[in-house]
Every structure is written in structure tokens, then in C-alpha cells.
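**Student:** here is a sequence together with a model predicted from it:
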Amino acid sequence: DAGVIQSPRHEVTEMGQEVTLRCKPISGHDYLFWYRQTMMRGLELLIYFNNNVPIDDSGMPEDRFSAKMPNASFSTLKIQPSEPRDSAVYFCASSLNRYEQFFGPGTRLTVL
Amino acid sequence: GQNIDQPTEMTATEGAIVQINCTYQTSGFNGLFWYQQHAGEAPTFLSYNVLDGLEEKGRFSSFLSRSKGYSYLLLKELQMKDSASYLCASNTNAGKSTFGDGTTLTVKP
């Protein structure tokens, strides 16, 4: 298996632009997680899905952030409009049982 | 609320044993994660403890005391490649994880 796939690996955009991050979980995994990591705030859980349904989105910072999982093999995290403070590494992870999570390589987002 | 505390940095010698402690205060606590993260890479799952006691996986072991809100990660026979950040995270019954800031371990020859 290729593991969790994320795209793009790097994204540089200007403040106010829409950003869409993509994730393909490991086939057969029922849980999908989106995380954000910064030096200041560490690793934070943003949202997680079970069987394509959002279960807990209390970590989503504000209305500018939204996440979808239209099917078992694809999820997106969208930021609209983006701001410089959104600059971070965004990780997607998937899991069979919610516990042993497998992380993707991450998307490094820079908002100028 | 959730509060996770772990040391910022530790240094140890190759071949030695090191213990990384983590304390937590978590409402609705279910279990505790340990992850390893090398610089510039994604976290890698090490363990998830739900019950009290020690769980061993090769050179790595993880301990949990629910009554004390305390866990530790024990690394034996340290190797240079063990130099990394080790993240402790509490998990609630609702599936929400809160991470500590990580402990940067440096293994020296």
C-alpha cells in the first residue's frame, strides 16, 4: 500500500486566496484525521471523520476552514480566505480503529 | 479542559536507557498516545495505552497510570536514529486528541 497520500506537498499562496488540501487515506481505513502543526501551537487535531461522516470538528479554528469527505478514498481541507497565520504543516492521517493512526507526509502551507 | 506536560529536551548516550515522562489532565480520558517525529517528517505511531501498566514493543515500552494522570515512554539500547521529537497525546472517549509540545531527544555517541 502507498500509505496516506497528500497533495500538494508544498503550497505558497497570497493572503485572501482559497487553498485546498487533499488527502487519500489508506484503503480500508474508516477513520480520517486532519491535523495542523506549527512551532507556536504544536500539533493540533482539526477534525476527524468516521465512515466519511465528520465526528468532531471542534478543533477547526474558524469558519474560514472547512473539510469534506465525499467518499472513502478522498478528503479535502479548504481555507477560504487564507491568512498568514494559517501558515503551517497540515497532516492527514487514517486509521482502522481510531488509535493506530498512519500519517501522510504533510502539506507545508505558506500564506504571504 | 485538557493539559499535557512533557519535558522540552532530553539528552542521552547511545546504548543507554531513557525515560520520557508525560502528565495529563484530561476530561473524559480514554487513553494515551506516544508518537515519534523526526525533523521534517510526519509523526509515527508508537503506542496507545488504555489500561494501567507497562506495554512493551521491542526496544520501546510505554507505561500508564490513570489514577496519577501519568505516562512514560521508555527507550532501551538507544541508537543514533532514535534522535527525534517524542509526542505524548491524550485521547478522550469522544476521540479528541490533545498533544503535548513534544520532547526533543538527542542521542550522543
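**Tutor:** Ah, there it is.
**Student:** and A:Asn51, what does it touch?
**Tutor:** A:30, A:72 (Cβ atoms under 8 Å, 6 or more residues apart in numbering or on different chains). Backbone N, C-alpha and C define where each C-beta goes, glycine included.
**Student:** what's the burial count for the residue in chain B that chain A sits nearest to?
**Tutor:** Nearest residue of chain B to chain A (Cβ to the nearest Cβ) works out as B:Ala42 at 3.8 Å. Neighbourhood size, B:Ala42 [other Cβ atoms under 10 Å in any protein chain shown]: 21.
**Student:** which SS state does it fall under?
**Tutor:** On the three-state scheme (DSSP: H, G, I helix; E, B strand; the rest coil), B:Ala42 is labelled coil.
**Student:** what residues are up against it?
**Tutor:** So B:Ala42 contacts A:91, A:103-106 (Cβ under 8 Å, 6+ apart).
**Student:** what about residue 67, neighbour count?
**Tutor:** Unless you meant another one, I'm taking chain A. 20.
**Student:** meant chain B, my bad for not saying
**Tutor:** Neighbours of B:Ser67 under the rule other Cβ under 10 Å: 6.
**Student:** got the phi/psi numbers for it?
**Tutor:** phi -70, psi -30 (degrees, to the nearest 10).
**Student:** if I look at B:Asn21, how far off is A:Val89?
**Tutor:** 26 Å (Cβ to Cβ, to the nearest Å).
**Student:** equivalent analysis for A:Pro54, please.
**Tutor:** Distance of A:Pro54 to A:Val89, computed by Cβ to Cβ: 22 Å.
**Student:** ok, B:Val18 next?
**Tutor:** 26 Å.
**Student:** neighbours of the residue in chain A that chain B sits nearest to, how many?
**Tutor:** Of all residues in chain A, the one sitting closest to chain B is A:Phe103 (3.8 Å; Cβ to the nearest Cβ). Other residues within reach of A:Phe103, judged by other Cβ under 10 Å, total 22.
**Student:** pLDDT score for the closest residue to it other than its chain neighbours?
**Tutor:** Distances taken as Cβ to Cβ, 6 or more residues apart in numbering or on different chains place B:Ala42 nearest to A:Phe103, at 3.8 Å, with adjacent residues excluded. Here, the pLDDT recorded for B:Ala42 equals 96.
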